[in-house]
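In: heads up, no residue letters with this:
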Ligand code: SAM
């Protein structure tokens, strides 16, 4: 096994969601840096892996842990890094360690696997050619609202992590700031016994959460569809400009000018111009 830091994804619920490669790495690493050693012990025991090489790595000791890990690598010992659940460094500790290890000149090798955001997105049915992973919003209402305001016009599916005790106030802010018409998917307890993914308009989400206390329990990923109205408006205006130019100019020139005026992409404008010409 190459001497490197292995960033190992672990399950977000169902213990079978772990790769064969992750198990190989956890079995062979000289040390396993873990966010919650009890939790990782449970995982190692479940797979019959030796559990005597654990090293604590959490938000409050990340710098010290980074130094220890760099020292182990300098001795030629490969180190595996895991978080409590899912992929380390994604809304979890790990980035600081990776930075320190890279700065010390050692290799960092990702061992990919479970991630709550991607799992939720994949089963939400919300369009995801582009999505923005935001992670946790601030707990303070004023800061949360400010950050949501900054996201309100983005045309991408937005992905948030949220704690159950804040789910109601967060969904209420999402509705207030994004409007009731946008779609939300509330992905709860993914890969666990009470897994549930509920899709509705933002206007209906609070009623759904209030309709049963179980709907507010467990771990959540919230996904909100991107803002589209603004884009359609823009597209409409661009199409209007293009149509007017096409009446007066040859196609190539009309496309060129429409792109200059609107800032829209030439390929898309060219396609639209052919459509308009085809209808004439
Ligand atoms: N590193 C993890 C990952 O790759 O997804 C995320 C860790 S973050 C500290 C924990 C948050 O992820 C939870 O508060 C919740 O929003 C989300 N999460 C983790 N496991 C989940 C699950 N099984 N179902 C739904 N959300 C989950």
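Out: Arrived safely, thanks for sending. Nothing here was measured: the structure is a model prediction, and the numbers come from that model. Residues are numbered from 1 along each chain as shown.
In: give me the phi and psi angles of the residue nearest to residue 126 when sequence neighbours are not counted.
Out: In this structure, residue 126 finds its nearest non-sequential neighbour in residue 157, 4.8 Å apart by C-beta to C-beta, 6 or more residues apart in numbering. Just so you know, the C-beta spots here come from the backbone N, C-alpha and C atoms, and that holds for glycine as well. Note on residue 157: backbone dihedrals following degrees, to the nearest 10 are phi -60, psi 130.
In: quick check, residue 157 in contact with residue 125.
Out: No. Contact between residue 157 and residue 125 fails when scored by C-beta atoms under 8 Å: they sit 10.4 Å apart.
In: tell me which of those two has more neighbours.
Out: Of the pair residue 157 and residue 125, residue 157 is the one with more neighbours under other C-beta atoms under 10 Å, namely 22 against 12.
In: for that one, give its distance to the ligand.
Out: Distance, residue 157 to the ligand, using C-beta to the nearest ligand atom, to the nearest Å: 16 Å.
In: pLDDT value on the residue nearest to residue 126, please?
Out: The score at residue 157 is 96. That number is its pLDDT.
In: bridged to it, which residues?
Out: For residue 157, the beta-bridge partners are residue 131 (DSSP bridges).
In: residue contacts, it?
Out: By C-beta atoms under 8 Å, 6 or more residues apart in numbering, the contact list for residue 157 reads 121, 124, 126, 127, 128, 130, 131, 132, 223, 224, 225, 226.
In: narrow the residues you listed to those in strands?
Out: Applying DSSP state E to the contacts of residue 157, the entries found in strands are 131, 132, 223, 224.
In: ok, and the most crowded of the residues you listed?
Out: Busiest of the ones in strands among the contacts of residue 157 [other C-beta under 10 Å] is residue 224, holding 27 neighbours.
In: what ranges do the strands span in this structure?
Out: Using DSSP E, strands in the chain cover 5-8, 31-34, 54-56, 79-82, 108-111, 131-136, 157-162, 183-188, 196-201, 220-224.
In: return the helix or strand in the chain with minimum mean pLDDT.
Out: The weakest-scoring helix or strand in the chain, judged by mean pLDDT, DSSP states H and E, is helix 229-248 (a mean of 79).
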